[in-house]
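Visitor: this is a predicted model, with the sequence first.
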Amino acid sequence: MSSQIDHLLNESRRFSPSPEFAAQAIGTAELYDEAKADREAFWARQANELITWDKSFTEVLDWSNPPFAKWFADGTLNVAYNCLDRHVEAGNGDRVALLFEGEPGDSRAVTYAELTDLVKRAANVLEGLGVTKGDRVALYLPMIPEAVAAMLACARIGAIHSVVFGGFSADSLRSRLDDAGAKLVITADGGYRKGKVSALKPAVDMALADRNGEGEQATVEHVLVIRRGENEVEWTEGRDLWWHEEVEAASPDHTAQGFEAETPLFVLYTSGTTGKPKGILHTSGGYLTQAAFTNRVVHDIHPETDVYWCTADIGWITGHSYVTYGPLANGATQVLYEGTPETPHPGRWWEIVQKYGVTVLYTAPTAIRSFMKQGRQIPQEFDLSSIRLLGSVGEPINPEAWVWYRDVIGGGHAPIVDTWWQTETGAIMISPLPGVTELTPGSAQNPIPGIEVSIVDEKGEEVEDGNGGLLVVTSPWPSMLRGIWGDPDRYVDTYWRMFADKGYYFAGDGARKDEDGDIWLLGRVDDVMNVSGHRLSTAEIESALVGNEAVAEAAVVGASDETTGQAVVAFVIIKENYLRAHKADGLAQNLRLWVGEQIGPIARPRDIYIVGELPKTRSGKIMRRLLRDVAEGREVGDTTTLADTAVMSVISKQVK
Ligand code: PRX
């Protein structure tokens, strides 16, 4: 089967940054030239300028044992010092680091000095519990300032944190605790979600409970419990400790020691498409360099004036790189919101933007499309005029959602940076620079300075512009994953085997480069459909569907078909305001014709199902595998990683 993916959709709208925006932007066009001239020297300069090193590095990249990279290996640094103490030492201790907004409406501003104090105390607590360099600490927490502090306390003492998203079950937590061999768990009594306290501690208790003779004693020695929800908690004497009691009793003095640049910083589990979760390993110096650099030049962070808000949970890589490490290394002021977007009212996010005067907002297409579904009148009730830059991450953002985002949230003028990257890449890889790039809605556009990618066929040959193929990264980058925890072979197999002779990293995504050199992400290669010998991308057909005024969200899959090999099957959610004004009769047929007009008859869905919800992972990604089961009339497969496990039975009923 050819790896070429047919290119069908054209987007001709272009948006240049305003002269005012371009004039103040941190990322300039010269960065591309500098990186091209000498890539390693370019990254060395970023590492030297953005990071305070305890001991300077002399070697930039060691690629003598690919695919195991070492960046800045003989340098030493303390990641937490870089995110905290040095800002205080520079006289910025009074600057707010975190503008915390709890879901019930409680709020708290935490300055750099206060956060530094908290992290020093917490580091002393961890050391007092016997946690040392290289030990694993699992965090299972709501989005509260203590969560950020707990990550940094681990970093400060060279312990490896593994954040497990608070929405995961006790079973998922247990398998991650076991795989990581965690020594300590930091959790909370609960956190506020959807108007009530969602308990966390019981899941930890269950994950650590007797294993019914399964053998294998858990490695966890202690559980530190943060008080947030005023929830009753069960207590295991000797094992469980209250965070606030320990932190208050701890010394506020803690000297940050420098660790080698390749010291592991964290392991973050990502489920992947099949099999057991992979513990993606990131290390210190290279990771922090690229996280800080991209936050500066892509999010254009001016730490003195910006109020930045990345809406991701710390349970995801976006929360690691663009809530905790990148922005704090840069000394930024950011909003940290605990709850869900619709609580207690659907305008909550926009109320927060208005309250804090958010200037830079970074979120996911799934959120943008759900706001589109509710209609623009909700954000329009709030003053969003402070916003000057918008970002998107996690999925392709279709042009209609892009334009809506710019118009309704960005006042018709804010540039949008569509940032492509992965848990594995650690930081942004492909994105516009907002003061430089002429924006094309729907395209992530170009690799950032210092990053080299290509779009290739299955032999690793670059495909011609205009054609789709496989996205690869062709040279190592500072924030790249250093491995899969405990499984080096799986690391090599998953990411490097496919193009071993060329030394390319295979990202698993399809992409194409258009005639302007802009890169379009086409979705996971596993999801590509083959219709009558044409390889069609899920992203393009979904984008065409969402381009119709009636459609809020769409998911497309290929289902086996006797005549065409595979046929396109679409699941769509209709906008609420459209349903109020129109009848849904004949809508599916109209949408089939619409896709035919937009893209071509080959892409016309065989079936269109109008549904109320789509199956999504907890990070908001559509699980097309399950929709394929429905489309092919099979029993629906494993739904345990769904955010809402009931969704599939509703969809199955609707389809029948
Ligand atoms: O398929 C790509 C998609 O999300 C995948 C990575 O997911 P995860 O490791 O959970 O990290 C998400 C946050 C970085 C990619 O392989 N993806 C991410 N960003 C984009 C995207 N697809 C298209 N456009 C993007 N901007």
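Guide: Perfect, I can see it now. Numbers count the residues shown, from 1 in each chain.

Visitor: run through who's touching the biggest helix by length in the chain.
Guide: For the chain, the helix with the greatest residue count under DSSP state H is helix 112-128. With contacts defined as CB atoms under 8 Å, 6 or more residues apart in numbering, helix 112-128 is touched by 80, 84-85, 87-88, 92-98, 110, 137, 145-146, 148-150, 152-154, 156-157, 159, 184, 224, 243, 246-248, 250-254, 331. All C-beta atoms are positioned from the backbone trio N, CA, C, and that covers glycine.

Visitor: just the ones in strands from those residues, please.
Guide: Counting by DSSP state E, the part of the contacts of helix 112-128 found in strands is 96-98, 110, 137, 184, 224.

Visitor: let me see the contact set for the residue of the stretch 201-350 of the chain found nearest the ligand.
Guide: The nearest approach of the stretch 201-350 of the chain to the ligand comes at residue 318, 4.9 Å away (CB to the nearest ligand atom). For residue 318, the contacting residues are 310, 312, 362, 393-394, by CB under 8 Å, 6+ apart.

Visitor: redo the residues you listed as a markdown table? Include distance to residue 530 and pLDDT.
Guide: Below are the contacts of residue 318 laid out as a markdown table (distance: CB to CB, whole Å; pLDDT from 0 to 100):
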| residue | distance to residue 530 | pLDDT |
| --- | --- | --- |
| 310 | 37 | 98 |
| 312 | 34 | 96 |
| 362 | 35 | 98 |
| 393 | 29 | 96 |
| 394 | 26 | 92 |
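
Visitor: so which of the residues you listed reach the ligand?
Guide: Among those, the ones lying near the ligand by CB under 6 Å from any ligand atom are 393-394.

Visitor: and the chain, which residues reach the ligand?
Guide: Selection of the chain residues close to the ligand by CB under 6 Å from any ligand atom yields 270, 317-318, 393-396, 418-423, 444, 507-509, 521, 524, 619.

Visitor: work out for me the element the residue of the stretch 201-350 of the chain closest to the ligand sits within.
Guide: helix 317-319 (DSSP states H and E).

Visitor: any idea of the mean pLDDT for that helix?
Guide: Across helix 317-319, the average pLDDT comes to 97.

Visitor: for the residue of the stretch 101-250 of the chain found nearest the ligand, which non-adjacent residue is closest in space?
Guide: Residue of the stretch 101-250 of the chain nearest the ligand, by CB to the nearest ligand atom: residue 165 (11.0 Å). With CB to CB, 6 or more residues apart in numbering as the criterion, residue 165 has its nearest non-adjacent residue at 2.8 Å, and that residue is residue 315.

Visitor: list the contacts of that neighbour.
Guide: Per CB under 8 Å, 6+ apart, neighbours of residue 315: 163-168, 618.

Visitor: try it again at 7 Å.
Guide: Counting by CB atoms under 7 Å, 6 or more residues apart in numbering, residue 315 makes contact with 163-166.

Visitor: residue 410 and residue 390 touch, don't they?
Guide: Yes. With contacts counted by CB atoms under 7 Å, residue 410 reaches residue 390, the gap being 5.0 Å.
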